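Novice: please work out how this folds:
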Amino acid sequence: MPSETCAPDQHPCRHGRTEGGCAECRVRLVSVCAALTGDELDELEGLSRHVAFDARQTLFSQDEEAIAVFNITEGAVRLSRLLPDGRRHVMGFALIGDFLGLALPERQTVTAEALSPVAVCRFERRAFLDLVTRKPHLLQRLHERAGYELGLAQDQMMLLGRRGAEEKVASFLLGLRERYARIGLTSVTLELPMGRQDIADHLGLTIETVSRTLSRFDREKVILIVPGGVRLLDLGRLKRLAG
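Specialist: Below you'll find the model as predicted:
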């Protein structure tokens with residue numbers, strides 16, 4: 001079970017944050033919360049609960065009632081869907097600053113699982129949406145976020161439409177690099193919290209093909225495989241491979 005780091009009667013929750021709470025949250029500026037003023041942040045914080053998940057724990061499951069909204073403040077989450085024929089497709093990966101649970105359906109369309117230790121701010125969905133309706137600038141920020149997520153979905157469709165494994169894997173690595181840069185993570189090492197099977201299920205490949213492709217990139221000094229991720233040694237070549 002996830003660990004609720006503050007007792008239910010503590011209001012608002014400041015666990016794992018500075019004394020400034022939401023106003024000094026380290027992910028606020030890369031999330032939709034950036035649209036809010038100080039007083040509005042206090043109101044938002046009053047709705048939040050800080051929840052921690054261990055790696056492989058489930059935030060929510062496909063087809064369960066959508067009763068909560070989650071803002072990821074630490075870690076990475078796998079979003080997958082079970083297909084009618086029993087196969088699993090990894091729809092994508094949620095990172096720091098991403099909001100989950102904002103879709104219109106009353107039931108979750110994917111399963112969200114922690115790839116690493118994950119921390120989230122959890123909001124009751126009805127209360128959060130009520131706040132949104134009273135804050136047009138927050139609604140605008142959510143619309144912008146929806147546009148960004150639509151772009152990610154279109155990128156995923158393009159990835160699946162590519163013919164070669166090299167194109168798919170190169171595009172995946174470059175796309176992840178861009179997402180990390182967007183939230184201020186510009187380390188020399190590109191962290192890969194997801195396993196190769198996850199990457200394969202995301203790209204429509206086999207795990208053997210993903211492993212062979214990464215190993216080939218490593219041998220050709222396009223990347224360097226290191227514990228926990230890869231280093232991108234030849235960005236120009238990687239971009240050419242991505243087409």
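Novice: okay, CA-based contacts and neighbour counts for the rest of this
Specialist: Noted.
Novice: report the buried residues of stretch 176-192.
Specialist: For stretch 176-192, burial by neighbour count (16 or more other CA atoms under 10 Å) applies to Leu176, Arg177, Arg179, Tyr180, Ile183, Thr189, Leu190, Glu191, Leu192.
Novice: which residues does the residue nearest the centre of the chain contact?
Specialist: Most central in the chain under CA atoms, centre = their mean is Ala94, positioned 1.0 Å from the mean C-alpha point. Contact analysis of Ala94 by CA atoms under 8 Å, 6 or more residues apart in numbering lists Ile72, Ala76, Val77, Arg78, Leu79.
Novice: from the residues you listed, which would you call buried?
Specialist: Among the contacts of Ala94, those buried by neighbour count (16+ other CA under 10 Å) are Ile72, Ala76, Val77, Arg78, Leu79.
Novice: could you list which of those residues belong to strands?
Specialist: Residues of the buried ones among the contacts of Ala94 located in strands (DSSP state E): Ile72, Val77, Arg78, Leu79.
Novice: correct me, but the second one touches Pro117?
Specialist: No - with contact defined as CA atoms under 8 Å, Val77 does not reach Pro117; the gap is 9.3 Å.
Novice: pLDDT weak spots in the protein?
Specialist: Filtered on pLDDT under 70, the chain yields the residue ranges 1-24, 26, 28-38, 104, 137-163.
Novice: ok, which stretches of it are strands?
Specialist: Here the chain has its strands, by DSSP E, at 3-4, 48-53, 58-60, 68-74, 77-82, 88-94, 99-100, 111-114, 118-124, 189-191, 223-226, 229-232.
Novice: the helices in the chain, which residues?
Specialist: Taking DSSP state H as the test, the helices found in the chain are 38-47, 125-133, 136-161, 165-182, 196-203, 207-219, 235-242.
Novice: angle of the second one against strand 118-124?
Specialist: Orientation check (axes from the mean of the first three to the mean of the last three CA atoms, to 10 degrees): helix 125-133 against strand 118-124 gives 80 degrees.
Novice: who's in contact with helix 125-133?
Specialist: If you take CA under 8 Å, 6+ apart as the criterion, helix 125-133 is touched by Leu44, Leu47, Ala66, Ile67, Ala68, Val69, Gly101, Leu102, Leu138, Leu139.
Novice: the nearest residue to the third one once chain neighbours are set aside pairs with what?
Specialist: Spatial nearest neighbour of Ala66, chain neighbours left out: Arg107 (4.8 Å); criterion: CA to CA, 6 or more residues apart in numbering. Per DSSP bridges, the residues bridged to Arg107 are Glu65.
Novice: wait, isn't Arg107 in contact with Phe60?
Specialist: No - using CA under 8 Å, Arg107 makes no contact with Phe60, being 10.2 Å away.
Novice: so between these two, which is more surrounded?
Specialist: Neighbours were counted for Arg107 and for Phe60 using other CA atoms under 10 Å; Phe60 has more, 20 against 15.
Novice: who does Ala119 form a beta bridge with?
Specialist: Applying DSSP bridges to Ala119 gives these bridge partners: Ala52, Glu74.
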